[in-house]
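Enquirer: turn this into a model:
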Amino acid sequence: MYYCPGGGQPCDHGTLIDLSNPESSPIQIINIQRDGLKCILQSPVPIPPGTKVRQTLDFERRLDHMQQHTGQHLLSAILDTCPEQETMGWGMGPDGGMNYVDMKRKVTDAEVADVQNRCNAAIREGITISVLGMAEAIDAEKGVMRRIKIGELDENP
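Expert: Numbers count the residues shown, from 1 in each chain. The predicted model follows:
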């Protein structure tokens, strides 16, 4: 199943293969949009409704995005403990681009070093990261909303 964009994380990429025509070329999927609970794959080639396809996933890309997104949750949890330094938003840049974090004020060099040390310590400790509320997370209008818990540091949507 492909991941639709959400929470600052880009969509998955992959291919579709028409199973009724195994000789056909794989169809690249690089744009997926969310419509309520549905993921709409944008294909450069028309695919008639009901066509059976094999879906492949660029798992290396997904894993990279999952690790970066989890890292952002950890970074935000640590930043939120700094005076007047809560995370206001974040996003992942295009492939190979820079990620960003929106904050209330500019961080000092000392805060950067402290936050970096605290994030690294949390990673070394192997703090448990859990997904909470999956049963009640589905909303037909908003899509899937779940909460991420990072040990005792943070719990956030």
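
Enquirer: could you show me where the strands are in the protein, in order?
Expert: 14-18, 27-29, 32-35, 38-41, 53-57, 87-91, 100-103, 129-132, 138-139, 143-144, 147-150, 154-156 (DSSP state E).

Enquirer: export those strands to TSV and tack on mean neighbour count and mean pLDDT?
Expert: Every residue, glycine included, has its C-beta placed from N, CA and C. Below are the strands of the chain laid out as TSV (neighbours: other Cβ atoms under 10 Å; pLDDT from 0 to 100):
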stretch	mean neighbour count	mean pLDDT
strand 14-18	18	95
strand 27-29	17	95
strand 32-35	14	87
strand 38-41	15	87
strand 53-57	14	94
strand 87-91	14	84
strand 100-103	14	87
strand 129-132	12	84
strand 138-139	12	64
strand 143-144	15	64
strand 147-150	18	85
strand 154-156	15	83
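
Enquirer: who are the packing partners of the top helix by length along the chain?
Expert: Counting residues, the longest helix found in the chain (DSSP state H) is helix 59-79. Contact here means 3 or more Cβ pairs under 8 Å, 6 or more residues apart in numbering; DSSP states H and E; on that basis helix 59-79 packs against strand 87-91, strand 100-103, helix 109-125, strand 147-150, strand 154-156.

Enquirer: quick one, which of the strands of the chain is nearest to Gln67?
Expert: Between Gln67 and the strands of the chain, the shortest gap by Cβ to Cβ is with strand 129-132, which sits at 11.1 Å.

Enquirer: now do the closest one: which elements does it pack against?
Expert: The contact analysis (3+ Cβ pairs under 8 Å, 6+ apart) places strand 129-132 against strand 147-150.
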